[in-house]
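*Asks:* Next come a sequence and a model predicted from it.
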Amino acid sequence: MTQMTGPPAHLEAVGLALGYDGREVITNLDVQIPTGSFTVIVGPNACGKSTLLRGLARLSRPGAGGVLLEGRDIHTLPSREVARRLGLLPQTATTPEGLTVGELVRRGRFPHQSLLARWTREDERAVADAMAATHVSDLAQRPIDELSGGQRQRAWIAMTLAQETPLLLLDEPTTFLDIAHQIELLDLVAQLRSGGRTVVAVLHELNHAARYASHLIAMRDGQIVAQGAPADIVDATLVEEVFGLPCRVIPDPDDGTPIVLPRGRTVRA
């Protein structure tokens with residue numbers, strides 16, 4: 001299991017306004033990410049989920065308000081300091097041609113390097129742990145551009161884990177993964193949280209979010225509709241309000257977490 005460098009990190013947004021291409025997507029939004037939580041952001045397409053995550057990660061400069069990392073404006077902090085506290089898996093990532101999996105994952109250690117520092121045993125351990133956790137160790141010598149979408153996604157996740165930051169932001173981390181690897185990844189995130197990390201993820205699969213999240217944020221039209229423990233907020237009314245989807249919500253027979261059953265049209269042969 002990968003380790004964590006430093007104490008837990010606190011992240012919040014105050015009066016946040018974000019947008020792109022001259023269009024405001026999020027307006028006057030306040031949110032606090034519970035420290036030590038696995039927070040999942042859900043909502044329909046184009047509701048502002050990824051825009052919010054990009055703002056929290058300092059990839060987008062707000063039009064108003066701000067993002068605070070440990071009480072300080074994240075845009076005033078040195079980039080290396082932010083990278084030691086916050087790791088990001090973007091929704092789309094581009095890899096230089098010919099880069100191998102091992103070389104990509106080693107890049108996760110850059111925030112911990114100085115100009116004169118040598119590669120250390122600690123760096124080697126962090127890379128090996130991250131690759132083992134994501135099951136890409138046997139792909140270390142393979143060029144990224146020769147991999148399947150799922151293998152590539154796991155390699156990028158390994159690079160993010162190699163940073164060993166106390167805070168992880170994951171934008172649609174289960175993209176390209178088959179169902180077995182989706183569950184494997186979410187189990188890994190649950191383990192990271194139990195080890196003290198704070199994780200924020202955007203997920204499309206509501207049932208995965210309800211099962212794994214300790215804190216759920218439901219968004220629509222750039223605003224937070226509801227937030228809290230999944231068992232406290234996920235019901236048929238919320239799902240229809242956020243997604244426009246008539247459904248039933250029942251407890252999972254194993255752990256009691258909410259399961260959403262869409263009320264689609266029944267088709268019989």
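*Replies:* Received it, and whenever you're ready, just let me know what you need.
*Asks:* list the buried ones in the longest helix along the chain?
*Replies:* Assignment by DSSP state H gives helix 179-194 as the longest helix of the chain. Along helix 179-194, these residues count as buried under the neighbour rule (16 or more other C-beta atoms under 10 Å): 181, 182, 184, 185, 186, 188, 189, 190, 192, 193. Where C-beta positions appear, they are placed from N, C-alpha and C, glycine not excepted.
*Asks:* my guess is residue 173 meets residue 153, correct?
*Replies:* Yes: using C-beta atoms under 8 Å, residue 173 makes contact with residue 153 at a distance of 7.3 Å.
*Asks:* Report the rounded mean pLDDT for stretch 156-169.
*Replies:* When pLDDT is averaged over stretch 156-169, the result is 93.
*Asks:* ok, which stretches of this structure are helices?
*Replies:* Taking DSSP H as the criterion, the chain contains helices spanning 49-56, 79-85, 101-106, 121-133, 149-162, 179-194, 206-212, 230-233, 236-243.
*Asks:* Determine how far the shortest one lies from the middle of the whole chain.
*Replies:* Averaging C-alpha coordinates over helix 230-233 and over its chain gives two centres that are 20 Å apart (C-alpha atoms, centre = their mean, to the nearest Å).
*Asks:* gap between the two ends of stretch 44-61?
*Replies:* 23 Å (C-alpha to C-alpha, to the nearest Å).
*Asks:* Now residue 263: phi and psi?
*Replies:* Comment: the main-chain dihedrals of residue 263 come out as phi -90, psi 70, following degrees, to the nearest 10.
*Asks:* And for it, the neighbour number?
*Replies:* Neighbourhood size, residue 263 [other C-beta atoms under 10 Å]: 11.
*Asks:* What of residue 81?
*Replies:* Other residues lying near residue 81 total 14 when counted by other C-beta under 10 Å.
*Asks:* cool, the one 3 residues further on as well?
*Replies:* By the other C-beta under 10 Å criterion, the neighbourhood of residue 84 contains 18 residues.
*Asks:* Give me the nearest residue to it, chain neighbours excluded.
*Replies:* Distances taken as C-beta to C-beta, 6 or more residues apart in numbering place residue 111 nearest to residue 84, at 4.8 Å, with adjacent residues excluded.
*Asks:* And for residue 216?
*Replies:* residue 230 (4.8 Å).
*Asks:* ok, now residue 178?
*Replies:* residue 150 (6.3 Å).
*Asks:* How about the contacts made by the one you found?
*Replies:* If you count contacts by C-beta atoms under 8 Å, 6 or more residues apart in numbering, residue 150 has them with 176, 177, 178, 181.
*Asks:* Just the buried residues of the residues you listed.
*Replies:* Taking 16+ other C-beta under 10 Å as the criterion, what is buried in these is 177, 181.
*Asks:* about what we covered before: which of the buried residues of helix 179-194 lies closest to residue 245?
*Replies:* The shortest distance between residue 245 and any of the buried residues of helix 179-194, using C-beta to C-beta, involves residue 182 and amounts to 20.7 Å.
*Asks:* pLDDT wise, what is the closest one at?
*Replies:* The predicted local confidence for residue 182 comes out at a pLDDT of 92.
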